[in-house]
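*Asks:* Predicted model follows, preceded by the sequence.
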Amino acid sequence: MLREDKIRCDDIKSHKIQTYTLQNFRKIPQIESMSTEKQHEIEIVGNVFPFKTNNYVIEQLIDWNNTQNDPMFILNFPQKNMLSEAHYKKMKFVLENYSDQKEIINVANQIRMQLNPHPAGQLEFNIPKLFDGTKLLGMQHKYKETCLFFPSQSQTCHAYCTFCFRWPQFVGIDELKFAMNESNQLIQYLQEHDEITDILFTGGDPMIMKAKIFSAYIDAILEADLPNLKSIRIGSKAISYWPYKFITDNDSEDMLEIFKKVTDNNLHLAFMAHFNHLTELSTPSAKLAIKKISDTGAIIRTQSPILSKINNNSEMWSKMWNLQVQLGCIPYYMFVVRDTGAQKYFGITLVEAYKIFVDAYRQVSGLARTVRGPSMSATPGKILIDGIITLNSQKFLTLRFLQCRNPDLVQKPFYAKYNENAMWIDELQPAFSNKFCFELDHVKTKFN
Ligand SMILES: *Cc1c(COP(=O)(O)O)cnc(C)c1O
Ligand code: SF4
């Protein structure tokens, strides 16, 4: 049973954010009444993965009568099975036998390094350089048209998703932290690369920034008057985790003014909203936030990974897409959960993801069929699982690049041997040769 029918009445008044992390989560009233064993589980796993939640999530989204299965609880609170048994035992042992914080962090880091903290070659590739050779660590430029920008003030979120592939940035493994203070370098890079049409503010969540700080970046970009720039995108989960950012926070009006300034300057403001579950769209505050953002001329597009225990059924997706369209949002991406962190816990097979996608897609009108997926953000690019075909009574998977490091490969279908258990591209075999198209040396050349 989906929960969207439940009437929720969070009244629209000023709300003070109360943040909970590993240090104070036992003060959450609903947690206090849980068994000490359960609390200890949260603590053990929360020492490895980042953990943060807030009063909106706790009061409006989580079903405290069903924490065993509640998607919103699982989305925010560390779960025992997110760690392998061996890692869990190791962390438990250290917490119970050492009081030295250094030792605890050491062990946590050892475990973290075994959880593929840099999927899709994030550290080796994509880091752009200015013509003078300066490395821009707070940016990533993977696909020709779009560059990602990580403002140093948005290296956190209003709450953390337990599946998040950006988790290493939040746990303070220092060299993993991308961030940049300066908009000067960003602008210089955009001037040097006129193929870039889109800049995507990301993090963390850029909407954690106060309007004043965010406006410094936006004003600099607008003032630079870059002829190649067409769109500013903001990747954010704030509508889900803190919709008050756009309705009652003391800088909410200022933030909306910035959006309006962008659209008034004839740039497209694309608000890339993350919604993992229908519940996140069910509160009056979230709906009002969507309306307020849309009223600025910004367009909200939606995306989410498909996750076991959270949203791995087609009814959930068709209902989400329908509701998003109804609220004026454009469904954009369904992702396959990345091969990092707690992938084993949330992952589903590519074939299962494909079947859920197709089943959901068939249930919605054309207006919601703007969505694409399921897509893997892998090292060479965004790979869509496009179909299952049978040729000469043998089954294959059809794949296609939605985005690729090498633009020549975009939209070209390619094939893999059918594999019902594969959860990521590296578990697939090419269908008709010994290498995938993106593995051939002459196409591996990067564009930047
Ligand atoms: C998804 C993504 C983009 C944006 O791709 P679009 O298909 O244009 O939405 C840009 N950079 C990176 C690294 C991405 O993963
Ligand atoms: S809001 Fe986005 S960046 Fe933040 S924890 Fe969730 S998925 Fe990660």
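*Replies:* Great, that's in hand. Ligands and ions are numbered 1, 2, ... in the order given.
*Asks:* rest of the way, CA atoms for contacts and neighbours
*Replies:* Will do.
*Asks:* Read off the pLDDT value for His268.
*Replies:* For His268, the pLDDT comes out at 98.
*Asks:* Over to Cys164?
*Replies:* 89.
*Asks:* can I assume it sits in a strand?
*Replies:* No - counting by DSSP: H, G, I helix; E, B strand; the rest coil, Cys164 falls outside a strand, being coil.
*Asks:* Tell me the residues of this protein that contact ligand 1?
*Replies:* Taking Cα under 6 Å from any ligand atom as the contact definition, the chain meets ligand 1 at 142-143, 146-148, 377, 403.
*Asks:* ok, of these, which one's closest to Val107?
*Replies:* Distances from Val107 to those, taken as Cα to Cα, are shortest for Ser377 (29.1 Å).
*Asks:* wait, what's in contact with Leu83?
*Replies:* Taking Cα atoms under 8 Å, 6 or more residues apart in numbering, we find Leu83 in contact with 45, 342.
*Asks:* hmm, try it at 10 Å
*Replies:* Residues counted as contacts of Leu83 (Cα atoms under 10 Å, 6 or more residues apart in numbering) are 44-45, 48-49, 89, 91, 111, 115, 341-345.
*Asks:* which of the residues of the chain next to ligand 1 count as buried?
*Replies:* Using 16 or more other Cα atoms under 10 Å as the burial test, the residues of the chain next to ligand 1 include 142-143, 146-148, 377, 403 as buried.
*Asks:* what's the closest of those residues to Asp198?
*Replies:* Within those, distances to Asp198 taken as Cα to Cα reach their minimum at Thr146, with 4.6 Å.
*Asks:* CA atoms of the helix or strand containing Ala416 as PDB?
*Replies:* Per DSSP states H and E, Ala416 falls inside strand 413-417. The C-alpha trace of strand 413-417 is given here as PDB (Å, rounded to 0.1, in the frame of the first residue of the first chain):
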ATOM      1  CA  PRO A 413      22.900   1.100 -29.700                       C
ATOM      2  CA  PHE A 414      25.200  -1.600 -28.500                       C
ATOM      3  CA  TYR A 415      24.600  -5.100 -27.100                       C
ATOM      4  CA  ALA A 416      25.500  -7.200 -24.200                       C
ATOM      5  CA  LYS A 417      24.900 -10.900 -23.400                       C
END
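*Asks:* buried sites along it?
*Replies:* Buried residues in strand 413-417, defined by neighbour count with 16+ other Cα under 10 Å: 414-417.
*Asks:* Could you dump those into JSON lines and include distance to Tyr160 and pLDDT?
*Replies:* What follows is these, written out as JSON lines (distance: Cα to Cα, whole Å; pLDDT from 0 to 100):
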{"residue": "Phe414", "distance to Tyr160": "36", "pLDDT": "96"}
{"residue": "Tyr415", "distance to Tyr160": "36", "pLDDT": "97"}
{"residue": "Ala416", "distance to Tyr160": "35", "pLDDT": "98"}
{"residue": "Lys417", "distance to Tyr160": "36", "pLDDT": "98"}
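*Asks:* Can you show me the helices along the stretch 1-150 of the chain?
*Replies:* Here the stretch 1-150 of the chain has its helices, by DSSP state H, counting those that start in this stretch, at 29-32, 36-46, 55-56, 71-76, 85-97, 101-113.
*Asks:* same question, the stretch 251-400 of the chain
*Replies:* 252-264, 284-295, 314-326, 343-346, 350-361.
*Asks:* Can you name the residues in contact with the second one?
*Replies:* Counting by Cα under 10 Å, 6+ apart, helix 284-295 makes contact with 7-13, 60, 238-248, 252-253, 255-257, 259-260, 269, 271, 273, 279-281, 283, 298-300, 324, 327-329, all of which sit outside it.
*Asks:* So Leu130 sits against Met139, correct?
*Replies:* No - between Leu130 and Met139 there is no contact under Cα atoms under 10 Å: 11.2 Å.
*Asks:* Of these two, which one has the most company?
*Replies:* More neighbours surround Met139 than the other of Leu130 and Met139, with 26 against 16 (other Cα atoms under 10 Å).
*Asks:* Check what pLDDT the more buried one gets.
*Replies:* 91.
*Asks:* With adjacent residues omitted, what lies nearest to it?
*Replies:* Among residues not flanking Met139 along the chain, Phe149 sits closest, at 4.6 Å (Cα to Cα, 6 or more residues apart in numbering).
*Asks:* Buried members of the contacts of helix 284-295 into ChimeraX, please.
*Replies:* Applied in ChimeraX, the following selects the buried portion of the contacts of helix 284-295 according to 16+ other Cα under 10 Å:
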select :60,238,239,240,241,242,243,244,245,246,247,248,252,253,255,256,257,259,260,269,271,273,279,280,281,283,298,299,300,324,327,329
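*Asks:* Which of the contacts of helix 284-295 fall within strands?
*Replies:* Secondary structure from DSSP state E places 269, 271, 273, 299-300 of these in strands.
*Asks:* residues near Met34, how many?
*Replies:* Applying other Cα under 10 Å, we find 12 other residues in the vicinity of Met34.
*Asks:* so what pLDDT did it get?
*Replies:* 93.
*Asks:* just Arg3 next, same as before
*Replies:* Looking at Arg3, its pLDDT stands at 47.
*Asks:* do the same with Gln191
*Replies:* Listed pLDDT for Gln191 reads 97.
*Asks:* quick one: it from Val171, how far?
*Replies:* Separation of Gln191 from Val171 (Cα to Cα, to the nearest Å) stands at 34 Å.
*Asks:* Any stretches of the protein with poor pLDDT?
*Replies:* Applying pLDDT under 70 to the chain flags the ranges 1-12, 120-124, 173-180, 443-448.
*Asks:* Can you pull the residues of it lying near ligand 2?
*Replies:* So the chain meets ligand 2 at 157, 160-161, 164, 166, 204-205, 237 (Cα under 6 Å from any ligand atom).
*Asks:* And those, which is closest to Lys27?
*Replies:* Checking the residues of the chain next to ligand 2 against Lys27 by Cα to Cα gives Tyr160 as the nearest, at 17.9 Å.
*Asks:* Based on its surroundings, how many neighbours for the closest one?
*Replies:* By other Cα under 10 Å, the residues close to Tyr160 number 26.
*Asks:* that's a strand at it, yeah?
*Replies:* No - applying three-state DSSP, one finds Tyr160 to be coil, outside a strand.
*Asks:* how much space between the closest residue to it other than its chain neighbours and Leu384?
*Replies:* The shortest distance from Tyr160 to any non-neighbouring residue, by Cα to Cα, 6+ apart, is to Lys52 (5.2 Å). As defined by Cα to Cα, Lys52 lies at a distance of 32 Å from Leu384.
*Asks:* Kindly report the same for Thr53.
*Replies:* As for Thr53, its distance to Leu384 is 32 Å (criterion: Cα to Cα).
*Asks:* most remote residue from the chain's center?
*Replies:* Centroid-distance maximum for the chain: Asn392 at 39.5 Å, with Cα atoms, centre = their mean.
*Asks:* Please report phi then psi for it.
*Replies:* Dihedral angles of Asn392 (phi, psi; degrees, to the nearest 10) stand at phi 50, psi 50.
*Asks:* Run a quick neighbour tally on the closest residue to Thr21 other than its chain neighbours.
*Replies:* Among residues not flanking Thr21 along the chain, Lys52 sits closest, at 4.6 Å (Cα to Cα, 6+ apart). Using other Cα under 10 Å, Lys52 has 24 other residues around it.
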